[in-house]
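Chemist: next input, structure requested:
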Amino acid sequence: MKILTALRVFFLEGESGSSGCIKYPPNYWKLVREICDKYGIVLIADEVMSGFGRTGKMFAVEHHGVEPDMITMAKGITSGYIPLGGLMVNDTIAKHYDNNMMAIGLTYSAHAVACAAAVENIRILQDDKMVENAARMGKYVEMKVEELKEKHPSIGDFRNTGLLGCIEYVKNRKTKEATTPFNAKPSESEASNRMAAKVREAGMFTFVRWNYIFVAPPLMVTEAQIDEGFEIISQASAIADEYCY
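Modeler: Here you go, the predicted structure:
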């Protein structure tokens, strides 16, 4: 397989994020890997959002039992304390540059402070078992959302992996009509705007987009903190309930 001469690449998020945490069908990643191997396509996993423990694995692609050719990374590599991005490549690609020059360069490549922050951040993730905590607390989050579903008819779906989840709001569970339409303008997002305002008013910060409320707390989160957060989400969900029919 001549990966290095191929011009074809295939990008996938390890797990879907801001698009709504849409779940891959069973064996999707494995089938993509097989197709890429067959046709000499470079398979790249985008782990900028889902990497470094967010999904209960160090990298989300590990949930699918597949090894990509490249992994893009940022955000979680330093927990956002200082900007840093990186690219991980497989041995085949890396060995090519043992005897070939990579003619690229950036002003702040290998910045010493950023790299030091990454090393310390990864050490803390490992020593404090934050990845394992994300997996464990993810199960607790899923249980709490099931409780909310009983209380709020506006909750149409919840998709989650570890601590990367998304509550989807609907006007009707049978028709699946969204509380706020996909890609709606701010002027068309009355319900979502009210829900986002309620979340901020209650003292919590999270991403509210269209008919989604994202659930992505810090990896060291506790059950008590999750309970507190979902009490606020319940208040926001009550607003969405007003639009149900």
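Chemist: flag every buried residue along the strand or helix carrying Val141.
Modeler: Assignment of secondary structure by DSSP states H and E places Val141 within helix 130-151. By 16 or more other C-beta atoms under 10 Å, the buried positions in helix 130-151 come out as 130-131, 133-135, 137-138, 140-141, 144-145, 148-149. Any C-beta I mention is one placed from the backbone N, CA and C, and that applies to glycine too.
Chemist: adding distance to Ile82 and pLDDT, write those residues out as TSV.
Modeler: Listed next are these as TSV, based on distance: C-beta to C-beta, whole Å; pLDDT from 0 to 100:
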residue	distance to Ile82	pLDDT
Met130	18	98
Val131	21	98
Asn133	23	98
Ala134	22	98
Ala135	26	98
Met137	26	98
Gly138	27	98
Tyr140	30	98
Val141	28	98
Lys144	33	98
Val145	33	98
Leu148	36	98
Lys149	39	97
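Chemist: ok, back up a step: how about residues contacting the helix holding Val141?
Modeler: With contacts defined as C-beta atoms under 8 Å, 6 or more residues apart in numbering, helix 130-151 is touched by 53-58, 124-125, 155, 158, 160-163, 165, 167, 215, 217, 219-223, 226-227, 230, 233-234, 237.
Chemist: all strands for this protein, in order.
Modeler: 9-13, 42-46, 70-73, 86-89, 155-161, 164-169, 208-209, 212-215 (DSSP state E).
Chemist: domain map for the chain?
Modeler: In terms of domains, the chain is parsed into 3-127, 130-241 (source: automatic domain parsing).
Chemist: hey, which of these is tucked in deepest?
Modeler: Across the domains of the chain, averaging neighbours per residue (mean count of other C-beta atoms under 10 Å) puts domain 130-241 on top, at a mean of 18.
Chemist: any idea how far Asp91 is from the residue of the chain most remote from its centre?
Modeler: Seen from the C-alpha centroid of the chain, the residue lying at the greatest distance (C-alpha atoms, centre = their mean) is Asn99, 36.6 Å away. Distance, Asn99 to Asp91, by C-beta to C-beta, to the nearest Å: 14 Å.
Chemist: need the contact list for the residue farthest from the centre of the chain.
Modeler: Counting by C-beta under 8 Å, 6+ apart, Asn99 has no contacts.
Chemist: picking that back up, what's the least confident stretch among the domains of the chain?
Modeler: Of all the domains of the chain, domain 3-127 carries the lowest average pLDDT, namely a mean of 93.
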